[in-house]
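Asker: Sequence first, then the predicted structure, then my questions.
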Amino acid sequence: MSLLALHNVNKSFGPLKALNDLSFEIGENEVVGLLGDNGAGKSTTVNLISGIHQPTSGHISVDGKKQSFTCRRDSAEAGVETIYQNTALVDSLSISRNIFLGREIANRFGMLDLKAMRDISMQVLESAVHISGIDSPDKLVGDLSGGQKQAVAIARAVFFKRRVLLLDEPTSALSVRETEALLGQVLKLKAEGVSSVLVTHNLYHAYQVCDRFVIMSHGTKVLDVRKADTTIEELTQHVVLT
Ligand SMILES: Nc1ncnc2c1ncn2[C@@H]1O[C@H](COP(=O)(O)OP(=O)(O)OP(=O)(O)O)[C@@H](O)[C@H]1O
């Protein structure tokens, strides 16, 4: 059984049909590359899975159970974490406050347990997320690089044991080194049982880490293929020519 699946999803914005009868699955321990040219419907798909948009028709399921996500909290509760390029962190708060945002740990007096949150944050950042340069959980998120911000978002997903990460163009603003670290992290999380959907225009990054590719064009799925059954040339042709 798939971990998460879209079933005949349609999405219209007024007269514009952004998604057309879209179905695909994300399996356990799988990294799926969601590819396609500008306007193909990739971000709309991510926004549906994360609960920001709702389908006009069709539905999403998790573990075979139909879901109706009405906001990001709904999808998070079902185990989905969305990591955007400008990911939803608060620049004026520290790394550890961001990791626990909305789920703060309280001590026995009902006050924020800042020490516990700092200690756990550092542990998660060190063990789960290997992005260099984060040496203190007290650093303000506003002072971090794009890659480091995504590392914090991933650390949050790891700590709260999310099962699916949605990464929308995660590498577009990253250095080569940060990109390698992020892609390595996606593979490491897969080994730990976290599946990912990687939305990217960079087929080389996708090819490096994805097990399967879903290619979209004008809101329609045009290819759904396992890495073992395709080549980067074939993927390029489908993205460019469809
Ligand atoms: N909130 C919205 N309101 C109206 N139209 C929208 C909205 N969001 C997306 N669209 C339209 O839906 C279509 C698909 O857009 P989407 O952003 O999902 O494509 P994409 O594959 O992510 O493209 P890109 O790679 O350029 O980000 C486009 O025609 C876009 O203009």
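Answerer: Yes, it's here. Keep in mind it's a predicted model, so treat the numbers as computed, not measured.
Asker: Tell me where the chain has strands.
Answerer: All strands of the chain, identified by DSSP state E, fall at 4-13, 16-26, 31-36, 57-62, 65-67, 80-84, 164-168, 195-199, 212-217, 220-226.
Asker: now the residue nearest the centre of the chain: how far from the ligand?
Answerer: Nearest to the mean C-alpha position of the chain, by Cα atoms, centre = their mean, lies residue 166 at 1.7 Å. With distances taken as Cβ to the nearest ligand atom, to the nearest Å, residue 166 is found 12 Å from the ligand. Where you see a C-beta, it was placed from the backbone N, CA and C, and this is true even at glycine.
Asker: Next, the contact list for that residue, please.
Answerer: With contact taken as Cβ atoms under 8 Å, 6 or more residues apart in numbering, residue 166 is in contact with 46, 49, 50, 80, 81, 82, 83, 196, 197, 199.
Asker: Of the strands of the chain, give the one that comes closest to residue 146.
Answerer: When the strands of the chain are ranked by proximity to residue 146, the top entry is strand 80-84, at 10.7 Å, counting by Cβ to Cβ.
Asker: which helices and strands sit right next to the helix or strand bottoming out on mean pLDDT in the chain?
Answerer: For the chain, using mean pLDDT, DSSP states H and E, the weakest element among its helices and strands is helix 146-159, scoring a mean of 81. On a contact count with 3 or more Cβ pairs under 8 Å, 6 or more residues apart in numbering; DSSP states H and E, helix 146-159 meets strand 80-84, helix 95-99, helix 114-128, helix 176-191.
Asker: Can you lay out those as JSON lines showing mean pLDDT and distance to the ligand?
Answerer: Below are those laid out as JSON lines (pLDDT from 0 to 100; distance: least, Cβ to the nearest ligand atom, whole Å):
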{"stretch": "strand 80-84", "mean pLDDT": "87", "distance to the ligand": "11"}
{"stretch": "helix 95-99", "mean pLDDT": "91", "distance to the ligand": "25"}
{"stretch": "helix 114-128", "mean pLDDT": "84", "distance to the ligand": "28"}
{"stretch": "helix 176-191", "mean pLDDT": "87", "distance to the ligand": "18"}
